[in-house]
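Enquirer: need a structure here:
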Amino acid sequence: QSSDVSESVRRDAQALRALMLLAATAGLLPGGGDHLTDTLVGAPREVQIAVGQCLGRWRGHVCETPLELWKALLNATDDNGDSMEDDEEEDFWMSSRHAIREAGRGQQSHATAT
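Expert: Alright, predicted model coming up:
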């Protein structure tokens, strides 16, 4: 049942935007293995573009650091293009997720220290 919901959300830019804004507002960061990150990564390119455009224009209240990390994940998909083989694409996503987690840890450490 969870996969049916993920598949439905994966094709719905409005639902993905809402979930990403909710996640950012709650301070949740993208990372390897969470359903929202995996759903966003698996979304069709046109859905990712629509989500990215909305987030780029968003002016409502939201935690900036998590939102920037979600935007970074979308920007990483922009750089990916369609030229990668499956193995290269998997390596790309693993390294992107690692970079996002590390950036998030740095922000959390900075927030804890202040």
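Enquirer: Asp38 and Glu64: what is the separation?
Expert: As for Asp38, its distance to Glu64 is 24 Å (criterion: Cβ to Cβ, to the nearest Å). Yep, even glycine has a C-beta here, placed from its N, CA and C like the rest.
Enquirer: Of the two, give the one with the bigger neighbour count.
Expert: Asp38 (16 against 9; other Cβ atoms under 10 Å).
Enquirer: What is the neighbour count of the nearest residue to the more buried one once chain neighbours are set aside?
Expert: Excluding the flanking residues, the one nearest Asp38 by Cβ to Cβ, 6 or more residues apart in numbering is Ser6, at 7.4 Å. Other residues near Ser6 come to 15 when the count uses other Cβ under 10 Å.
Enquirer: show me the contacts for Ser6.
Expert: His35, Asp38, Thr39, Gly42 (Cβ atoms under 8 Å, 6 or more residues apart in numbering).
Enquirer: which SSE is the third one in?
Expert: I take that to be Thr39. Thr39 belongs to helix 35-42 when assigned by DSSP states H and E.
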